[in-house]
Each structure stands twice: as structure tokens, then as C-alpha cells.
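Undergrad: sequence? don't have it. structure:
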């Protein structure tokens, strides 16, 4: 049943010095008596109850100018109860969303240069209705002179306030807004009936200076996606991209837009920002897989209904696969970049010891279980591996189809049929595992149920590298990093010794990851340790690389001086196998299917 009336939602986002959103909301009511207002809890794209209820403050509710008492539900703390007096036509709400001012409070969404307004953070809505049946008239006040972008329609600006056309609550929450001092708009599909726009916001004006050569692969991305899926499930699409070192990073899908936050040097240091260039491709694929076609147990009628992520290995894993593929087909990555990225992914799961006890399917519970909190032993806990191990499973499926049909069919045929139906429609269509298996069988008949049972639902299977080998390559380890990995480490300010000492370092010798049962693990090294010195010399990434190489040559073991808080100790790693970095090496005995997969489509 549709909710009676239209909610008026006015957000004052002009206080960027303190990051406080001040909200006024007018909620029509049809009758007196008990009423429940809800704060969004189970959020689309996050697959978990992550509504920031802890940052909602200063709640005042009144009717006809008279304050009303409200009560928070003692069990569902996202619910607020109020008794509506007779004769009341609307409730007036006032409150604040006090956004994080430091990263240890949550993702920073407001800086002095830009902001990210997510509408679910600044509203309460009446319980008992599908959010698609609740109408809202939203507006936002911004700092003077700021420009904004959102997928919402009908924006009319008066002074520093923008009011948007009336819409439903589901569309509103699915249409976040970026705004800032420094803005550039790029048309990625010139003259198209359904425009696709790249909206750039930056900490500084010079970070907006993307060249024609840098923008061209972003335009190619749009065309390659259309050629893959054969459809467009939007009337327009807006990439919202923040180039920032101050606002928190993000990659979040929506039907007609995506929220993306990347390092400020994305364009200005283009040669080393390679590892981030699949982000926009991944989020764009979600318009088809995740928003238009959606796992049945992830579709919910309102934000108080729990979600189940049993098919996140399709929702995210297949999207991760095509994010890699489209990055290569568009030219955001070279084929060499894509092979290097795939080598790093394959190496991760060849050494993911947690596969012994935990299936990919079980990791689909991680959005609720772990909520992306830092993990002490990632290789053993294997958090959210449905993304990248899922990618390898879908590569396996793609190369299997290509091999068994002598190149006549591929996973692209599945993607075109499964996600490409009903061109122009953006009404969600749900799917189940049976639907996925059935469509794969229409492309090529095979025991796909058993295929996924072994690779997704069972623990302890062999690492999922068949797609690499069937694709015409072998995973090998060399002493030199690939150019892609070297750039990725420089860009991410880290150093990866995962396949030698079993360590990854952040800045200043701080250990950010320890491989379970690796050499460092077996000497008691933990995440949070700082390596102060290597063989008696102050720590440096290159110093450690030299020490690993020297130990292989038969010299003394590697001695590390460690600091944990105010405690110091020295450990000795008797490791002699040298530096080991992943690469894909061509196997001439097998058809080069991987090159076929990564090559751009002409139609």
C-alpha cells in the first residue's frame, strides 16, 4: 500500500567545518494513534545492518508546533515510537547527522573541499510500507559556490539550495550526492539518448586535469559494457568520483550512479595509479548485476528487513571478474596489467590456507559477521573471499565454455542473455542459483550445479586455478615484481613479502598482514608489529629485499628487531628461498584464451 502524502526532506549540509548535517523533515500522517519511524538499517550494496544509528542526534518531533514525546524501541534501536495526537496532519522532525571527523569514528564524508551525502543517513521513514511506495521531496543546502552531482532528476537551484523532483524513497536512497568546491563534468557518451557522465570532485583544482588520452578509456568502458550486455538499465548514469586524500574512500554501486573515492593522484600520477583503474568498471557492471538483476535473498521491501547474501559470489564475484575484463577491454588496463593483476589474485588463493576449513559460500556471511573490520589473520579467516576467489571461479567457467565449444561460446553469451534482457527497464529482476545454472546450460550444457558445488560450497578443494591454466598460462614466482605490482605497492604505500617471509608492510615498517603458518607467523610476528631494523640496520623495504636475497645465497639468516608498543625483541627467520612474486607465464601447449577474453569487442 502506498504511503499517504509526500515526505518533505530538507538537509542543510553547509556546515563543512564540523561535518554536521542538519535535517528537517515533514512526515504526513493519515490518522492519530501509535506510529513508528525507522532509521535505515539494512543498506543496499552493503548487504548488512550498517545504518549509522550511532551518529543520529538531537531528535525532536512535534505536531502543530507542540513537542511530542518519542521512545526508542528497546529491541530494534533503529525504531522510534510516537503517539500522534488527534487532528494531526503531519509530524515535524528535526535532528542532526554528526558525520565522522576522524577515520576511527567511521568513514569521513565531509571535508572543507567536498562532501558525500548519502540520503539514508539523514532520514526517518514510516514503518509498515515498501520504501518504493513512499514518496519524498528532497532538498539540500550546500556551502556557497559549491557544485553538486547526483542521479536524482529535476534539480532546481535557488541560491545555495537545490531541490529535486519528487521521487520514491527507494530511488532517493539509491541516488547519493557528491558536492564540492572543485568540480569537472565529463560526457562519456557524447550525444547519447541515455547519457553517461563522469563527475569529478577533487581536493585541488589541478587534480581535475585529466587528459584526452586518460579520458578515452573511460569512454571505451561505456561502449565495451554495452557490447557485453547489449542493454542499458537506466535512463542516465552518473559516475561520482572523488579524487581525494581527505574524504574517505568508497566504491559503492547504485542503479543509475556509483560512489567512488580514489587517491587524489588518480589522473596526475596516472602511471602508478594502475591498480585502482578497475574500480569504475566494477561499479558500472553492478548496474546490470546487483541492481537490475539481483539475488532474490538480497532484495528487500524496506530497510528493516534482513538481507541474506548467499549469492554474493555471483553478485560480487562475477562483477569482480567483469570489472577486470572490462578494464582490459577498455584500455584502462593493458593486457599486461590485467595478467599481472590476475597473477596476484591467483597467488593469493593458491596460498589462502583458510580454504582448508572455510568455503567461499560461508564467506558470503562476512558483511554481517565482520563488517570489514580489520582482521588479525586474513589468510586464515579469509574475509569476503567471494569477491576474488569468485573471480577465479568465473574465469574457470568462461574458459571451460570456450574450450568445450572450440571458441564458439563464452561466458559473454551468458552475461548478454542473463543481464541484457528488457533494455531500458530498471525495475529489479531477482535471480536464484537455479536461474544461474539454467542460463549457463542454455549457453553450454554441463553439470554446472556440481561445478559450483565443488568450487563454492565445499571447503578444502584445490585452489581454483583451472581458469588460468585453461586460459593458456601458468602461475609462476620470480624474484622481480611485475611493473603492475611495483606501481601498486608505490601507489598503496606498502611492500608485499607474502610468498617469502609471509608479511605485508605498510609505512614505516608496520606489519599489516601476516601469512598464517608462514616464516614470520612461526616466529610470533603479528599485525601491528613494527620492524625497526633488519640485520642491525634501520628498516627499509629495499633493505629487507636485499636481506632476503642474501639469505638465499647462503649467508646468515634474516634478523629482525621488532617493536610492539613499548616492548622490543629480536627474531631470526631462517628462510632461504629468496624473493617470490607472482607472474603469469605463457603455456604454448594451450590456446591463449585469456588474450581472447581480455581483447576489446568490436560489436
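TA: Happy to help now that I have it. If you're wondering where the values come from, they're calculated on a predicted model, not measured in any experiment.

Undergrad: Residue 536: what's it in contact with?
TA: Shown here is residue 536, whose contacts under the criterion C-beta atoms under 8 Å, 6 or more residues apart in numbering are 559, 561. Just so you know, the C-beta spots here come from the backbone N, C-alpha and C atoms, and that holds for glycine as well.

Undergrad: please redo it, this time with the cut-off set to 7 Å
TA: The contact partners of residue 536, taken as C-beta atoms under 7 Å, 6 or more residues apart in numbering, number zero.

Undergrad: Same question for residue 517.
TA: Listed by C-beta under 7 Å, 6+ apart, the contact set of residue 517 reads residue 353.

Undergrad: confidence score at it?
TA: Confidence at residue 517, expressed as pLDDT, is 96.

Undergrad: Roughly how far does it sit from residue 544?
TA: Shown here: residue 517 relative to residue 544, a distance of 20 Å by C-beta to C-beta, to the nearest Å.

Undergrad: so how many other residues sit close to residue 406?
TA: Burial measure for residue 406: 8 neighbouring residues, criterion other C-beta atoms under 10 Å.

Undergrad: Repeat that for the one 3 residues further on.
TA: By other C-beta under 10 Å, the residues close to residue 409 number 15.

Undergrad: my read: it touches residue 444, true?
TA: Yes: with contact defined as C-beta atoms under 7 Å, residue 409 and residue 444 form a contacting pair (5.4 Å).

Undergrad: is it true that residue 157 lies in a helix?
TA: No: counting by DSSP: H, G, I helix; E, B strand; the rest coil, residue 157 falls outside a helix, being strand.

Undergrad: Kindly state the beta-bridge partners for it.
TA: residue 162 (DSSP bridges).

Undergrad: need the contact list for the residue most central in space within the chain.
TA: What sits nearest the mean C-alpha location of the chain, by C-alpha atoms, centre = their mean, is residue 251, with 4.0 Å. For residue 251, the set of contacting residues under the criterion of C-beta under 7 Å, 6+ apart consists of 260, 279, 282-283.

Undergrad: Mind doing that once more with 10 Å?
TA: Taking C-beta atoms under 10 Å, 6 or more residues apart in numbering as the contact definition, residue 251 lies against 45, 258-262, 276, 278-280, 282-283, 286, 323.

Undergrad: Direction included, what does the strand or helix carrying it pair against?
TA: Take DSSP states H and E as the rule and residue 251 turns out to sit in strand 250-253. Neighbouring strands of strand 250-253 in its sheet, by DSSP bridges, are strand 257-262 (antiparallel).

Undergrad: Check which element follows the strand it pairs with along the chain.
TA: Reading on from strand 257-262 to the C-terminus, the next helix or strand found by DSSP H and E is helix 279-285.

Undergrad: Looking at that following helix now, give me its mean pLDDT.
TA: The model assigns helix 279-285 a mean pLDDT of 98.

Undergrad: Remind me what it packs against, helices and strands.
TA: With contacts defined as 3 or more C-beta pairs under 10 Å, 6 or more residues apart in numbering; DSSP states H and E, the packing partners of helix 279-285 are helix 212-229, strand 237-243, strand 250-253, strand 257-262, helix 317-330.

Undergrad: Check which element follows that helix along the chain.
TA: Scanning the chain past helix 279-285 towards its C-terminal end, the next helix or strand to appear is strand 293-295 (assignment: DSSP H and E).

Undergrad: how close does the residue lying closest to residue 30 once chain neighbours are set aside get to residue 303?
TA: Beyond its immediate neighbours in the sequence, the residue positioned closest to residue 30 (C-beta to C-beta, 6 or more residues apart in numbering) is residue 4, lying 4.5 Å away. Distance check for residue 4 against residue 303: by C-beta to C-beta, it reads 20 Å.

Undergrad: For those two, indicate the residue with more neighbours.
TA: Neighbours of residue 4 and residue 303, each counted by other C-beta under 10 Å, are more numerous for residue 303; the result is 22 against 13.

Undergrad: Isn't that one up against residue 45?
TA: No: using C-beta atoms under 10 Å as the test, residue 303 is too far from residue 45 to be in contact (11.9 Å).

Undergrad: Mutual contacts of those two, please.
TA: Contact with both residue 303 and residue 45 is made by residues residue 173, according to C-beta under 10 Å, 6+ apart.

Undergrad: circling back to that earlier point, which of the contacts of residue 251 lies closest to residue 575?
TA: residue 276 (31.6 Å; C-beta to C-beta).

Undergrad: Excluding chain neighbours, what is closest to that closest one?
TA: With C-beta to C-beta, 6+ apart as the criterion, residue 276 has its nearest non-adjacent residue at 5.1 Å, and that residue is residue 262.

Undergrad: Need the mean per-residue confidence for stretch 107-115.
TA: Averaged across stretch 107-115, the pLDDT comes to 98.

Undergrad: picking that back up, need the residues touching each of residue 409 and residue 444.
TA: The overlap between the contact sets of residue 409 and residue 444 (C-beta under 10 Å, 6+ apart) consists of 401-402.

Undergrad: how far does stretch 94-109 stretch from start to finish?
TA: From the first residue to the last, stretch 94-109 extends over 21 Å; the measure is C-alpha to C-alpha, to the nearest Å.

Undergrad: Just the buried residues of that stretch, please?
TA: By neighbour count, with 16 or more other C-beta atoms under 10 Å as the criterion, the buried positions of stretch 94-109 are 95-100, 108-109.

Undergrad: Among the residues you listed, which pair sits farthest apart?
TA: 95 and 108 (20.5 Å).

Undergrad: ok, the residue nearest to residue 322 when sequence neighbours are not counted to residue 47 distance?
TA: Distance criterion C-beta to C-beta, 6+ apart; nearest residue to residue 322, sequence neighbours excluded, is residue 285 at 4.8 Å. For residue 285, the distance to residue 47 equals 17 Å [C-beta to C-beta].

Undergrad: likewise residue 451?
TA: Here the distance between residue 451 and residue 47 works out to 24 Å (C-beta to C-beta).

Undergrad: Same drill for the two, tell me which one is more crowded.
TA: Residue environment comparison for residue 451 versus residue 47 gives the larger neighbour count to residue 47, 22 against 16, counting by other C-beta under 10 Å.

Undergrad: Give me the nearest residue to the more buried one, chain neighbours excluded.
TA: Nearest non-adjacent residue to residue 47, counting by C-beta to C-beta, 6+ apart: residue 367, 4.1 Å away.
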